[in-house]
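> Kindly return the folded structure for what I paste below:
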Amino acid sequence: MTTRTILRPDPWLLPPLLILALVGLATLYSAVHQGDHAIWWRQLLFWVVGLTAMGCAAMVPLRMIALAVWPAFLLSMLLLALVPWIGDLHMGARRWLVLGPLRLQPSELVKWTLAMMLAWWFAGRPADEPHTLWLPTLAIAAAVALVIGQPDLGTALVILMEGMAMLLLSGFRWRWLLGLIAASPFCLWLLWNNMHDYQRQRVRTFLDPQSDPLGAGYHVIQSTIAIGSGGIAGKGFLHGTQDRLHFLPEQHTDFIFAVLAEEGGLIASLLLLSLYAWIIVRILIIAARAHTRFGALLCGGVAAIFFIYVFVNIGMVCGLLPVVGVPLPFVSYGGSALITMLTALGVVMRVAAESRGRIPWQRPGNPLA
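Presented below is the predicted three-dimensional model:
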């Protein structure tokens, strides 16, 4: 395989990503154009750093990525464990580490390093044997527990769903999954009793937003008003009233989809969803064509995480799910999430490059060959 082949970006993955970059930057500009313009410029810088990281990741051989899996996972877990002790306190939660001029969110790193570790683990082991499940189960439980302790229920749920998706992709037996589902009432009871008061209030508000329209239900009510007022074609760029009049909370982060839906309407919303579908389907195609099980599971994990992000965020903004702090991929403001997502796409591009012209993985053998 030539160097030129390796460095050639995937022709079906890059176009929707660049369109998403333009859509995201335009929507963010609309969300902050009457406020802090520095947010937009920082996001542009994050895109430059993220695209650079994506290009670097695409040049790293899968064998080297496999060697870096455990150091990366253990380091990210260590950083996550340090957050309750030395993390920056913001709005009653500690989720960030301040490293000089940098603000790092370790939970974003753990999402991806956990997927890498699970892909590495199941690349050479069957997922339908009890003795192979103890380490993945322990890793998922530890990550979820550390994130809940911050507290960050949204990220904890994403990690839990990500772990379940990786188990299913690895060949986890369905009857065992049914057993986990049967145990879910106890798990939900345990989760409810370990929630903070504001998290319980979010669940109650999800069930009845009008019960507290000026308090916990305010976010969902204002976001659904914004989405509904956009209609088919929207109010036009920079002409949204909910964000311009500052009725919409967190409009540049978790609720940015409401800004896009109000200004671009149903048409822009469907365009955004089609771009996400394009990227996720393309990643799954790359996974199906991967010549190693490790590469296939890596791509499957990346696709699962992207789907979970989109599903949870848009469901939350539309009032279909409780309000949790989950960003909209490539659109919400935030450096840690954006850079890690782009780096993950770089790994996917590497899998695609190494699989060109080679036989897809079909049976056990050397999973990294």
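
> Let me see the contact set for Val69.
Under the criterion of Cβ atoms under 8 Å, 6 or more residues apart in numbering, the neighbours of Val69 are 113, 116-117, 119-120. Glycine gets a C-beta too; all of them are placed from N, C-alpha and C.

> what about 7 Å?
With contact taken as Cβ atoms under 7 Å, 6 or more residues apart in numbering, Val69 is in contact with 116-117, 120.

> From the residues you listed, pick the one nearest Ile256.
Using Cβ to Cβ, Met116 comes nearest to Ile256 of the contacts of Val69, at 27.8 Å.

> For the closest one, give me its contacts.
If you count contacts by Cβ under 7 Å, 6+ apart, then Met116 has 69, 72-73, 298 around it.

> Please report which of the residues you listed has the highest neighbour count.
With neighbours set by other Cβ atoms under 10 Å, the maximum within the contacts of Met116 is found at Leu298, which has 32 neighbours.

> What segments of the stretch 51-200 of the chain are strands?
Assigned by DSSP state E, counting those that start in this stretch, the strands in the stretch 51-200 of the chain fall at 88-90, 93-99, 102-104.

> Looking at those, which one is packed in the most?
Between the strands of the stretch 51-200 of the chain, strand 93-99 has the highest mean count of neighbours, a mean of 17, where neighbours are mean count of other Cβ atoms under 10 Å.

> Let me know the average pLDDT across it.
Rounded to a whole number, the mean pLDDT of strand 93-99 is 73.

> Which secondary structure elements does that strand sit against?
helix 62-86, strand 88-90, strand 102-104 (3 or more Cβ pairs under 7 Å, 6 or more residues apart in numbering; DSSP states H and E).

> Between helix 62-86 and it, find me the angle.
110 degrees (axes from the mean of the first three to the mean of the last three Cα atoms, to 10 degrees).

> quick one, which of the strands of the stretch 51-200 of the chain is nearest to Ala57?
Ala57 sits nearest to strand 102-104 of all the strands of the stretch 51-200 of the chain, at 17.8 Å, using Cβ to Cβ.

> what comes into contact with that closest one?
Counting by Cβ under 7 Å, 6+ apart, 96-97, 336 sit against strand 102-104.

> Now do it: distance to the chain's middle.
Between the mean C-alpha location of strand 102-104 and the chain-wide mean there is a distance of 18 Å, by Cα atoms, centre = their mean, to the nearest Å.

> rewinding a little: how about CSV for the contacts of Met116, with pLDDT added?
Listed next are the contacts of Met116 as CSV, based on pLDDT from 0 to 100:
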residue, pLDDT
Val69, 94
Ala72, 94
Phe73, 95
Leu298, 95
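
> which SS state does the most centrally placed residue in the chain fall under?
Computing the C-alpha centroid of the chain and ranking residues by Cα atoms, centre = their mean puts Tyr309 first, at 4.3 Å. Using DSSP: H, G, I helix; E, B strand; the rest coil as the criterion, the local structure at Tyr309 reads helix.

> these two touch, right, it and Pro329?
Yes - applying Cβ atoms under 7 Å as the test, Tyr309 and Pro329 come out as touching, 4.9 Å apart.

> Measure how buried Lys235 is and give me the count.
18.

> secondary structure element for the nearest residue to it once chain neighbours are set aside?
Spatial nearest neighbour of Lys235, excluding adjacent residues (Cβ to Cβ, 6 or more residues apart in numbering): Glu263 at 5.6 Å. Following DSSP states H and E, the helix or strand that holds Glu263 is helix 256-289.

> Distance of the nearest residue to Leu260 once chain neighbours are set aside relative to Glu354?
For Leu260, ignoring the flanking residues on the chain, the nearest one in space by Cβ to Cβ, 6+ apart is Thr27 at 4.7 Å. Here the criterion is Cβ to Cβ, to the nearest Å. By it, Thr27 lies 35 Å from Glu354.

> So, low pLDDT: which residues of the chain?
Residue ranges of the chain with pLDDT under 70: 1-9, 35, 89-93, 100, 128, 173-192, 194-196, 198-217, 357-369.
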